[in-house]
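> turn this into a model:
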Amino acid sequence: MEFRQLRYFIAVAETGSISAASRQVNVAQPALTRQVRLLEEDLGTRLLERHARGVSLTVAGQALYDEAVQLLDTRTRIRTRLASLGQGLIGKVSLGVTVTHLWVPEVASLLRRYRDRYPQVAFEVFPLLSGPQLERLREGSLDAGILYLDGGE
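Presented below is the predicted three-dimensional model:
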């Protein structure tokens, strides 16, 4: 069973027609028919009742349709989530900050704007002096840092 076969099957189920489904998924009708037949063979059951006016689902076909729709929706959510993770739009960021009375409003504003734009990113903020912060950045226990370097480090 392949995702492609499930997509084709869903199109057939929703249109009630092999020819309409082939146009919808932009696949030649014989190729679509073959993929649906391979799916039926793989599952060991008939999924469609073929008749003059098109096709209808068997009981097994309805069960597969219900599961396939959920499965493809889950696949889409997984792809979206992983793409978002890869772009830094989801997750947790450990941030070191050298806190001075001058930086607090700017850092708070920066984090607030980021959170508004990317609500699925959580920040864990660590107030650290520059030296310890730089060391934690080097060892990888901080993802990012806002620190003051006097040119000596």
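> so where's the chain shaky on pLDDT?
Counting by pLDDT under 70, the low-confidence segments of the chain come to 84-89, 100-103, 149-153.
> which of the residues in the longest helix along it are buried?
Using DSSP state H to define each element, the chain has its longest helix at helix 59-86. Buried positions in helix 59-86, judged by neighbour count with 16 or more other C-beta atoms under 10 Å: Gly61, Leu64, Tyr65, Ala68. Placement of C-beta: from N, CA and C, glycine included.
> next SSE downstream of it?
Next in sequence after helix 59-86, counting helices and strands by DSSP states H and E, comes strand 91-97.
> and the next helix or strand past that next one?
In N-to-C order, the element after strand 91-97 by DSSP H and E is helix 104-117.
> which helices and strands sit right next to that following helix?
For helix 104-117, the contact count by 3 or more C-beta pairs under 8 Å, 6 or more residues apart in numbering; DSSP states H and E identifies strand 121-127 as packing neighbours.
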